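In: Model the structure of this input:
(one chain, ligands or ions: 2)
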Amino acid sequence: ATPTALMVGTARSAAMGVLIKNGAALQETSKIDTVVFDKTGTLTIGKPIVSDIVGDAHEVLRLAASVERNSEHPLAGAITERAQQEGIELNEAYDFEALSGLGVRAHIDGHVVVLGNEKIHENHTFDVQLRKRMSEMNNDAKTVVIVGVDNKIVGLIAIQDAPKESAQSAIASLKKRGLRTVMLTGDNEKVAHAIAQKVGIDEVISDVLPQEKADVISTLRADGATVAFVGDGINDAPALSVADVGIAMGTGTDIAIEAGSVVLTHNDLRGVVRAYDMSKKTFNRII
Ligand code: ADP
Ligand code: MG
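Out: Residues are numbered from 1 along each chain as shown. Ligands and ions are numbered 1, 2, ... in the order given. As a prediction, the model looks like this:
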């Protein structure tokens, strides 16, 4: 493409909420055959809310919020907000620790309180009834934070994060153009599939630790795919850098916006389709 065509392409995209940082990014976008999406904050709104509490609700919420008020994770925000709404008085938590992709841990009144997914609770006994409830809520696209005290699981907090309004139509448009769509998430398989089904994504790669996301993108590329990765979080920055095209959500963290070569300033996932169409329009003409 001529320099003028490139400038016109990137300027037109910017007006539609798609900031393409340079001509090379626009050219790379015209070659992609696979679009990989982060889940939380990218395909979903990223404002999770507590939908169910299993166990002694007041006690479970008190312990969970006392620990989670030390965390910046979106799930933590949902839990502390709910505790605040219910006017629950929190305890002092000591020795707070965040375990990336797993959950959080702290001491309260001499007890160890552990919150997170099944991986962090590997050594805890899990009552059959509770496991069944967890499975049902996962199938309902709810992420379940398991609450353990010492060696026992005492409750579950189900958290719901709705898909973005733009997700379904964006995915449908990408598929119509023959592109492969994939979800990449640290959440578990059931929740991931439930959300994938809602938005129409065909492939799911779940239970991925934050530091593994970039490796998954590298593997897809090594297998011959030309990959755009769409993400928003601090955890997503390495994957955004490693992808052929990194597409950051405008509402994402600064570090993600910096790592991406394309930024969706309107936070609308249809921006991925617009970027692709604009790149094709700019580059197909001159091949
Ligand atoms: P995603 O890839 O969906 O953005 P993350 O990699 O941030 O998710 O987290 C993966 C999983 O780790 C979460 O789904 C949750 O089960 C667990 N987790 C992480 N941080 C916390 C926390 N502060 N409280 C409870 N669970 C957490
Ligand atoms: Mg995210």
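In: Determine the number of other residues adjacent to Met183.
Out: When neighbours are counted by other CB atoms under 10 Å, Met183 registers 23. From N, CA and C alone the C-beta is placed, and that goes for glycine too.
In: need the contact list for it.
Out: Listed by CB atoms under 8 Å, 6 or more residues apart in numbering, the contact set of Met183 reads 36-39, 43, 192, 195-196, 201, 203-206.
In: With Lys213 as the reference, measure out to Thr40.
Out: Distance from Thr40 to Lys213, counting by CB to CB, to the nearest Å: 12 Å.
In: what about these two, which has more around it?
Out: More crowded of Thr40 and Lys213, by other CB under 10 Å: Lys213, with 27 against 24.
In: Residue numbers of the stretch 151-287 of the chain in contact with ligand 2?
Out: Neighbours of ligand 2 within the stretch 151-287 of the chain, by CB under 5 Å from the ion: 232-233.
In: Looking at the stretch 151-287 of the chain, which residue is nearest ligand 1?
Out: Here the residue of the stretch 151-287 of the chain nearest ligand 1 is Gly186; by CB to the nearest ligand atom that distance is 2.7 Å.
In: Surely that residue and Pro210 touch.
Out: Yes - checked against CB atoms under 8 Å, the pair Gly186 and Pro210 is within contact range at 6.3 Å.
In: And the helices in the stretch 101-250 of the chain?
Out: Secondary structure of the stretch 101-250 of the chain by DSSP state H, counting those that start in this stretch: the helices cover 128-139, 167-176, 189-199, 213-222, 237-242.
In: highest average neighbour count across those?
Out: helix 237-242 (a mean of 23; mean count of other CB atoms under 10 Å).
In: what about it, near ligand 1?
Out: No - using CB under 6 Å from any ligand atom, helix 237-242 never reaches ligand 1; the gap is at least 10.3 Å.
In: list the helices and strands that helix packs on?
Out: Counting contacts by 3 or more CB pairs under 8 Å, 6 or more residues apart in numbering; DSSP states H and E, helix 237-242 packs against helix 213-222, strand 227-231, strand 245-249, helix 254-259.
In: For those, give me JSON lines that also has mean pLDDT and distance to Asp140.
Out: What follows is those, written out as JSON lines (pLDDT from 0 to 100; distance: least, CB to CB, whole Å):
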{"stretch": "helix 213-222", "mean pLDDT": "98", "distance to Asp140": "25"}
{"stretch": "strand 227-231", "mean pLDDT": "98", "distance to Asp140": "25"}
{"stretch": "strand 245-249", "mean pLDDT": "97", "distance to Asp140": "25"}
{"stretch": "helix 254-259", "mean pLDDT": "95", "distance to Asp140": "29"}
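In: would you list those in JSON lines and tack on distance to ligand 1?
Out: Converted to JSON lines, these look like this (distance: least, CB to the nearest ligand atom, whole Å):
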{"stretch": "helix 213-222", "distance to ligand 1": "8"}
{"stretch": "strand 227-231", "distance to ligand 1": "9"}
{"stretch": "strand 245-249", "distance to ligand 1": "12"}
{"stretch": "helix 254-259", "distance to ligand 1": "11"}
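In: Using CSV, lay out those together with distance to Ile153.
Out: Shown next, in CSV, are the helices and strands packed on helix 237-242 (distance: least, CB to CB, whole Å):
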stretch, distance to Ile153
helix 213-222, 28
strand 227-231, 31
strand 245-249, 34
helix 254-259, 34
